[in-house]
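Asks: coords please:
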Amino acid sequence: MPNHPVQMTYKQAIDWLYGTQQFGIKLGLEQPRRLLRELRAYPATGVKVIHVAGTNGKGSTCAMIDAIARSCGLCSGLFTSPHLIDFRERIRVNGAEISEEKTVQYLTEIRELVASWEHHPTFFELTLALGMMHFKQQGCTLITLETGMGGRLDATTAVPADVAVITPVAMDHSQWLGETLAEIAAEKAGIMVAGKPVLSSAQTPEARDVLKKHAHDIGAPIRFITDPYTDSEISLAGPHQRYNASLAITAAEHAQLPVNAEIISDALAKVNWPGRFERCTAPDSPSEIILDAAHNAQAAEALTKTWLEQYPNDKAIMVFGAVEGKNTELVISILSRITAHIHLTPIDSPRSLSSDELARSIHAGIPHTIHTNIVDAIDSAYHQASDSPVLICGSIFLIGHIKAMLSQQNSRPSSQ
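Replies: Have a look, this model is predicted:
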C-alpha cells in the first residue's frame with residue numbers, strides 16, 4: 001500500500017513553513033518553477049495573470065485590481081506579502097483568506113514533495129506554491145501576484161504573466177537589488193514578458209529609460225500611466241492612490257476584464273488595503289489612530305501629502321520604528337513636517353533598529369522620546385495626544401504588531 005503523508009495540525013504546518021526561513025532569501029526561478037511543475041500548480045489555460053512589481057504602491061494596486069475583478073464577477077485570486085497579523089492574509093480568493101484546513105492540506109503535500117530535494121525551497125517559494133495550488137483548486141480566472149522583492153529573480157516571476165505592472169521605482173533593498181535607481185529598475189523590469197503588455201506608473205527619468213529599453217529589447221509594448229483617476233471616490237486615502245487606481249484600471253482593461261464605469265466605481269469605493277493610512281481607534285485612547293507602513297523616502301512623501309490633505313490643521317503625535325537597511329534619517333526628516341512629537345521604539349523583528357540607533361536618525365530640534373518597547377511608546381503617545389491624532393508608522397512589522405494589539409489577536413510576523 002502506498003505511504004500517505006502524516007497530516008499535520010495547522011500549528012505544525014505553520015511551524016514547519018516558518019522553520020524554512022533558516023534557508024534565507026535565495027533569488028532565482030529554478031526552484032519555484034520546479035515546485036509549480038511538480039505540484040501541477042501552474043494556471044490552467046485561459047486563466048489571466050497580472051504581475052505587479054515596484055517599490056511603493058504594489059499592494060494597493062494589487063488590491064484595486066482584485067477589487068475590480070471581483071466587481072466584474074470573476075473568481076479572483078490575490079497573492080501579496082508580507083502579512084500584517086496572520087500568514088493566511090497573503091493568499092485570498094474573492095477576498096477570503098485561505099482556510100487553515102486548506103493550508104494544512106497543501107503544506108502537507110508540499111512538505112512530502114520537497115523532503116528529498118537537495119536544495120530546500122525557501123519560505124517565500126513555498127508560500128507561492130501554496131497560493132498557486134489554492135488558486136487552481138478554487139477555479140480562479142484572474143490571479144494577481146505581488147512580487148516579494150525585485151522582479152527578475154523573484155519567485156512570482158516563475159508564473160507566466162499576461163500583463164506586467166510596475167509601480168513607482170525608488171531606492172530600497174539595495175543589498176539585493178542594486179546601489180542605483182537604474183540597477184533597481186532593471187530588476188523590476190525583469191517581470192516583463194516578451195510580446196505581453198507592460199504598464200508603468202510615472203517614473204524618474206533614470207528608471208523610465210531602463211524600463212523602456214528593456215521593453216523594447218524583448219518586444220513588450222510599454223505604456224506609462226501618468227494621469228490620476230478622478231471619476232469617482234476611492235476608499236483608500238491619499239493623492240497617490242488616484243495614480244495607483246489609474247494603473248489598476250488600465251491593467252484590468254489589458255487583461256480583458258469586462259470593466260465599465262459602474263464596475264470601476266463600485267470596486268474603488270469598496271477596496272480595502274490595511275496598514276496604508278488606515279484609521280482606527282483604541283478603547284483606552286480618545287485620539288484617532290492612523291497606521292501607515294511608510295518606511296522609505298518615497299512612501300514618507302506620500303504619507304505626508306495624505307496627512308496634509310486629511311488633517312490640514314493638525315500635527316501628529318508619531319510612533320516610529322524601523323528595521324535596518326532603510327534611510328531612516330531621511331524618512332524621519334520628511335515626516336517631521338507633519339509631526340509635533342516623535343516616539344521612537346524598537347520593533348518585534350531581529351532586524352529592528354534599537355532605540356539608540358533610531359535616536360541618531362533624529363535631527364536637532366525635533367522633539368522626541370525614546371522607548372525600549374512598543375507598549376510603552378504607544379501608551380506615552382496616547383497620553384500626550386489629547387486631541388491630536390496618533391500616527392503609527394515605519395516598519396510593516398510595527399503596523400502588524402499594533403493591529404494585533406488593537407484587535408486583541410495573536411500575531412506571528414515572519415522575516416520574509
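
Asks: so how far is the first residue of stretch 141-149 from its last?
Replies: Start-to-end span of stretch 141-149 (Cα to Cα, to the nearest Å) is 25 Å.

Asks: that one: how far from the chain's middle?
Replies: Chain-centre distance of stretch 141-149: 11 Å, with Cα atoms, centre = their mean, to the nearest Å.

Asks: what does stretch 380-400 give?
Replies: 21 Å.

Asks: that one - what's its average pLDDT?
Replies: For stretch 380-400, mean pLDDT is 91.

Asks: next one: stretch 82-100
Replies: 97.

Asks: can I get the CA coordinates of that stretch in PDB?
Replies: This file holds the C-alpha atoms of stretch 82-100, laid out as PDB (Å, rounded to 0.1, in the frame of the first residue of the first chain):
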ATOM      1  CA  PRO A  82       4.300  40.300   3.800                       C
ATOM      2  CA  HIS A  83       1.300  39.800   6.100                       C
ATOM      3  CA  LEU A  84       0.300  42.100   9.000                       C
ATOM      4  CA  ILE A  85      -1.100  39.700  11.600                       C
ATOM      5  CA  ASP A  86      -1.900  36.200  10.100                       C
ATOM      6  CA  PHE A  87       0.100  34.400   7.500                       C
ATOM      7  CA  ARG A  88      -3.100  33.500   5.600                       C
ATOM      8  CA  GLU A  89      -3.600  37.100   4.700                       C
ATOM      9  CA  ARG A  90      -1.100  36.500   1.900                       C
ATOM     10  CA  ILE A  91      -3.400  34.200  -0.100                       C
ATOM     11  CA  ARG A  92      -7.000  35.200  -0.800                       C
ATOM     12  CA  VAL A  93      -9.800  34.200  -3.200                       C
ATOM     13  CA  ASN A  94     -12.600  36.700  -3.600                       C
ATOM     14  CA  GLY A  95     -11.400  38.500  -0.500                       C
ATOM     15  CA  ALA A  96     -11.400  35.400   1.700                       C
ATOM     16  CA  GLU A  97      -8.200  34.200   3.300                       C
ATOM     17  CA  ILE A  98      -7.100  30.600   2.600                       C
ATOM     18  CA  SER A  99      -8.600  28.400   5.300                       C
ATOM     19  CA  GLU A 100      -6.500  26.600   8.000                       C
END
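
Asks: for that stretch, buried residues please.
Replies: 82-93, 97-98 (16 or more other Cβ atoms under 10 Å). The C-beta positions use only the backbone N, C-alpha and C, and glycine is treated the same way.

Asks: can you redo those residues as CSV with secondary structure and distance to residue 293?
Replies: Formatted as CSV, these follow (DSSP: H, G, I helix; E, B strand; the rest coil; distance: Cβ to Cβ, whole Å):
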residue, secondary structure, distance to residue 293
82, coil, 10
83, coil, 12
84, coil, 8
85, coil, 13
86, coil, 16
87, helix, 17
88, helix, 19
89, helix, 13
90, helix, 15
91, strand, 19
92, strand, 18
93, strand, 24
97, strand, 19
98, coil, 22
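
Asks: number of nearby residues for residue 343?
Replies: Neighbour count of residue 343, defined by other Cβ atoms under 10 Å: 24.

Asks: distance from the chain centre to stretch 231-241, please.
Replies: 18 Å.

Asks: just give me the closest of the buried residues of stretch 82-100 to residue 190.
Replies: residue 82 (20.8 Å; Cβ to Cβ).

Asks: let me know whether that closest one touches residue 399 as I believe.
Replies: No: in this structure residue 82 lies outside contact range of residue 399 using Cβ atoms under 8 Å: 10.4 Å.

Asks: what is in contact with the two at once?
Replies: Here residue 82 and residue 399 have no joint contacts, going by Cβ atoms under 8 Å, 6 or more residues apart in numbering.

Asks: lowest-pLDDT helix or strand in the chain?
Replies: In the chain, the helix or strand scored least confidently by mean pLDDT, DSSP states H and E is helix 174-177, which has a mean of 55.

Asks: residue 411 - nearest residue in space that isn't next to it in sequence?
Replies: Take residue 411 and drop its neighbours on the chain: the residue closest to it by Cβ to Cβ, 6 or more residues apart in numbering is residue 404, 3.6 Å away.

Asks: now do residue 412
Replies: Computed as Cβ to Cβ, 6+ apart, the closest residue to residue 412 that is not its neighbour in sequence is residue 87, at 6.6 Å.

Asks: what distance do you get for that neighbour to residue 246?
Replies: 32 Å (Cβ to Cβ, to the nearest Å).

Asks: how about residue 214?
Replies: 22 Å.

Asks: phi first, then psi, for residue 241.
Replies: phi -70, psi -20 (degrees, to the nearest 10).

Asks: look at the residue nearest to it when sequence neighbours are not counted and give its secondary structure.
Replies: Among residues not flanking residue 241 along the chain, residue 234 sits closest, at 5.4 Å (Cβ to Cβ, 6+ apart). At residue 234, secondary structure determined by DSSP: H, G, I helix; E, B strand; the rest coil is coil.

Asks: where does residue 234 fall, phi/psi-wise?
Replies: Backbone phi and psi, for residue 234 under degrees, to the nearest 10, turn out to be phi -120, psi 130.

Asks: number of residues surrounding it?
Replies: 22.

Asks: in this protein, which residue is most central in space?
Replies: Nearest residue to the geometric centre of the chain (Cα atoms, centre = their mean): residue 59, 4.2 Å.

Asks: from the buried residues of stretch 82-100, which is closest to residue 159?
Replies: Nearest member of the buried residues of stretch 82-100 to residue 159, counting by Cβ to Cβ, is residue 91, at 13.6 Å.
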